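Participant: With the sequence up front, the predicted model follows.
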Amino acid sequence: MFGIKKKQIETKRTAVDERLQHVAFIMDGNGRWAKKRGMPREFGHKKGAETMKNIVRYCGSLNINCVTVYAFSTENWKRPKNEVDAIMNLLNEYIDYLYTVMKEDDIQIHFIGDKNRFNPELKARLEKAEKDSQNNHRILNVALNYGGRDEIVHAVNELIKQGKKEITEEDISSNLYTAHCPAPDLIVRTAGEIRTSNFLMWQGAYSELYFTDVLWPDFSESDVDKAIEEYYNRTRRFGAVV
Ligand code: FPP
């Protein structure tokens, strides 16, 4: 994924199989990483954005078809303006980066979340990147102004608009921002917090959860390998007896 010459990627793990189609990351710990170095939080986000590029690319090299990253939550607007501005700047740079790689690496980009909160210029850029990549195959979801509860409310409102009087689980699933991809098999959270923080609430009902103390900017390919090894050692029962 992301057009990096195959030789530069030192794949430490062999490719995954159909049991692992979708991995999602809660990229936590940028602020603490910066603080440990006596630097402003924005510095941590900048390094975090680099880590995100590397990890998404590495997942592609392992043949993981769908990756989701939690880049900005509906609650993150409460952060100081300079921090929000820094993340928005990183987002603009990231869109440029995506354009240089999404074609050659066959990435279909989706910005999941409510785009209406972004300024019209940025919203148009997000939508253009989605449109320009819609015929590609691998999926990258970047969660922006995303909240799991907000997403479910949005889906229900869509169903009301469609005139539904009674709904099914399938109705909700097919009206979520992630309707184009399977539910995450594995959700990874960095930086030691043991919660999912309003991320993929509906889709994550049967996801395997993996928590690590590693701060996101330090998260490496071998940390991805560890999460995947643990995933393959678990037995998924989906509520049944196996
Ligand atoms: C959580 O760390 C991280 C975020 C809220 C932002 C994640 C953003 C990036 C990885 C880079 C931006 C990339 C794009 C494409 C916008 P935290 O700040 O909560 O860390 P802390 O818990 O140590 O304070």
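Facilitator: Sure, I can see it.
Participant: how about the residues of the chain near the ligand?
Facilitator: 27-32, 45, 48-49, 52, 71-72, 76, 87, 90-91, 94, 142, 191 (Cβ under 6 Å from any ligand atom). (Each C-beta comes from the backbone N, C-alpha and C, glycine too.)
Participant: Now, of the residues you listed, which are buried?
Facilitator: Buried subset of those (neighbour count, 16 or more other Cβ atoms under 10 Å): 27-32, 45, 48-49, 52, 71-72, 76, 87, 90-91, 94, 142, 191.
Participant: about what we covered before: from the residues of the chain next to the ligand, which land in helices?
Facilitator: 30-32, 45, 48-49, 52, 87, 90-91, 94 (DSSP state H).
Participant: Kindly indicate which of the residues you listed lies nearest H22.
Facilitator: If you rank these by distance to H22 using Cβ to Cβ, M52 comes first, at 16.6 Å.
Participant: which residues does that closest one contact?
Facilitator: By Cβ atoms under 8 Å, 6 or more residues apart in numbering, M52 lies in contact with 25, 27, 69, 71, 94.
Participant: from those residues, which two are the most distant?
Facilitator: Going by Cβ to Cβ, the pair spanning the contacts of M52 furthest: F25 and Y94, at 14.7 Å.
Participant: thinking again about what came up before, okay, the ones in helices among the residues of the chain next to the ligand in CSV with pLDDT and distance to A205 next?
Facilitator: Converted to CSV, those look like this (pLDDT from 0 to 100; distance: Cβ to Cβ, whole Å):
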residue, pLDDT, distance to A205
N30, 98, 28
G31, 97, 29
R32, 98, 30
H45, 98, 30
G48, 98, 28
A49, 97, 30
M52, 97, 25
I87, 97, 29
L90, 97, 31
L91, 97, 29
Y94, 95, 29
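Participant: Please convert these to JSON lines, extending it with distance to K226.
Facilitator: Converted to JSON lines, these look like this (distance: Cβ to Cβ, whole Å):
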{"residue": "N30", "distance to K226": "20"}
{"residue": "G31", "distance to K226": "23"}
{"residue": "R32", "distance to K226": "20"}
{"residue": "H45", "distance to K226": "24"}
{"residue": "G48", "distance to K226": "19"}
{"residue": "A49", "distance to K226": "22"}
{"residue": "M52", "distance to K226": "18"}
{"residue": "I87", "distance to K226": "28"}
{"residue": "L90", "distance to K226": "27"}
{"residue": "L91", "distance to K226": "29"}
{"residue": "Y94", "distance to K226": "26"}
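Participant: quick one on the thing from earlier: give me the subset of the contacts of M52 lying in strands.
Facilitator: 25, 69, 71 (DSSP state E).
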